[in-house]
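Visitor: kindly return the folded structure for what I paste below:
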Amino acid sequence: MNKVVFILSVSSDIGFYLAKKYIKLGYTVLGTYRVFHPFLYKFPGYLFRLDIDDEDSLKYFVNEYKKFGLKWDIFISCVGEPRPLTSFFESDFDTWERSVNTNSIRQLEVLHSMYPYMNKKGTVVFFAAGGINNAVVDFSAYTIGKIILIKMCEYLDAENKNLKIFIVGPGWTKTKTHELILNSKISKEKRKETKDFIKNKQGTDMDYIFNKINWLYKAGKPASGRNYSIVYDTFDNNMLENLLDTDFYKLRRYE
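Guide: You can find the predicted model right below:
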């Protein structure tokens, strides 16, 4: 039987691209969407509607997935919400809190709900964001949520021998996220930087992202529980040696 890939937010640009790649390799792909986009008519996998911020929507989805009767082998979450894109004290706190939860807790809740439907062994992939190692102004909700996911990868790896879990930072990638940024109340500097990227730069190649995720998938359990930069890390024998160090690629402070 074909392996099953479950993609949370297959309606995202990265999610849709990964889905097509896995389908070409013979995987069965199931994906969720919150808002239906016309390009999803071309999706050759199985679609489920799910708003991860709505508890009733999640309960309905899990019940429908259960009836579907397929155990998943790979769980990939492509959810990312950059807004409110204002400084912490200028943000409405409820909006800021919802963004943190969308970028972390809600995704973890979906994984928690889907864990009973995992095959004997499973792989989980999350996506990180900029600002992990510095402060990106006006992006605190987005980044703090992703930091929660980074640390949870370490915890879930330690708690589960049957689970391989890691998080990757794709770098600047041309996706719909930049449209959200430009349509928000951001600083002139951030607007100029985003427009310049969209107009003049390629961004991280989607195929490159897929290949590095696949590399980590094949690296086995030693790659689990860690945070990787698709752009800056070197996926080669040196990385395999680094994986022998339990502190490498983690949310650590070296003394």
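Visitor: list the buried residues for the strand or helix carrying residue 145?
Guide: Counting by DSSP states H and E, the element that carries residue 145 is helix 140-159. Residues 140-150, 152-154, 156-157 are the ones in helix 140-159 that count as buried (16 or more other C-beta atoms under 10 Å). In short, each C-beta sits where N, CA and C put it, glycine included.
Visitor: could you pull up the mean pLDDT of the following helix or strand past that helix?
Guide: Next in sequence after helix 140-159, counting helices and strands by DSSP H and E, comes strand 163-169. Here strand 163-169 scores 97 as its mean pLDDT.
Visitor: if we can go back for a sec, between the buried residues of helix 140-159, which sits nearest residue 204?
Guide: residue 146 (16.2 Å; C-beta to C-beta).
Visitor: quick one: contacts for the closest one?
Guide: Residue 146 is in contact with 103-104, 126-129, 132, 167, counting by C-beta atoms under 8 Å, 6 or more residues apart in numbering.
Visitor: partner strands of the strand ranked longest in the chain, with direction?
Guide: Longest strand in the chain, counting residues (DSSP state E): strand 118-127. According to DSSP bridges, strand 118-127 has the following sheet partners: strand 72-77 (parallel), strand 163-169 (parallel).
Visitor: and the residue nearest the centre of the chain, what is it in contact with?
Guide: Nearest residue to the geometric centre of the chain (C-alpha atoms, centre = their mean): residue 127, 2.9 Å. With contact taken as C-beta under 8 Å, 6+ apart, residue 127 is in contact with 14, 77-80, 146, 167-170.
Visitor: can you turn the buried part of those residues into a ChimeraX selection?
Guide: Buried members of the contacts of residue 127, defined by 16+ other C-beta under 10 Å, are picked up in ChimeraX with:
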select :14,77,78,79,80,146,167,168,169,170
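Visitor: which one of the contacts of residue 127 is nearest residue 57?
Guide: Using C-beta to C-beta, these come closest to residue 57 at residue 79, 13.5 Å.
Visitor: which stretches of the stretch 51-200 of the chain have low pLDDT?
Guide: By pLDDT under 70, the low-scoring segments of the stretch 51-200 of the chain are 172, 174-200.
Visitor: show me where the protein has strands.
Guide: Counting by DSSP E, the strands of the chain are 4-8, 28-33, 46-49, 72-77, 118-127, 163-169, 226-229.
Visitor: tell me the most buried of these?
Guide: Mean neighbours per residue, mean count of other C-beta atoms under 10 Å, is largest over those for strand 4-8, with a mean of 26.
Visitor: looking at the strands of the chain, spot the one closest to residue 209.
Guide: Comparing these by C-beta to C-beta, strand 163-169 comes nearest, at 7.4 Å.
Visitor: tell me the angle that closest one makes with helix 140-159.
Guide: Put simply, strand 163-169 runs at 150 degrees to helix 140-159, going by axes from the mean of the first three to the mean of the last three C-alpha atoms, to 10 degrees.
Visitor: show me what strand 163-169 is in contact with.
Guide: Under C-beta under 8 Å, 6+ apart, the answer for strand 163-169 is 118, 121-130, 132, 146, 149-150, 153, 156-157, 209, 212-213, 216-217, 220-221, 223-231.
Visitor: verify the stated contact: residue 126 with residue 80.
Guide: No - counting by C-beta atoms under 8 Å, residue 126 stays clear of residue 80, with 10.0 Å between them.
Visitor: any chance of the strands of the chain in a markdown table, with distance to residue 235 too?
Guide: Shown next, in a markdown table, are those (distance: least, C-beta to C-beta, whole Å):
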| stretch | distance to residue 235 |
| --- | --- |
| strand 4-8 | 20 |
| strand 28-33 | 24 |
| strand 46-49 | 30 |
| strand 72-77 | 18 |
| strand 118-127 | 14 |
| strand 163-169 | 11 |
| strand 226-229 | 8 |
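Visitor: how about the contacts made by residue 11?
Guide: By C-beta under 8 Å, 6+ apart, residue 11 lies in contact with 31-37, 40.
Visitor: look up how far residue 169 lies from it.
Guide: From residue 11 across to residue 169, the span is 21 Å (C-beta to C-beta, to the nearest Å).
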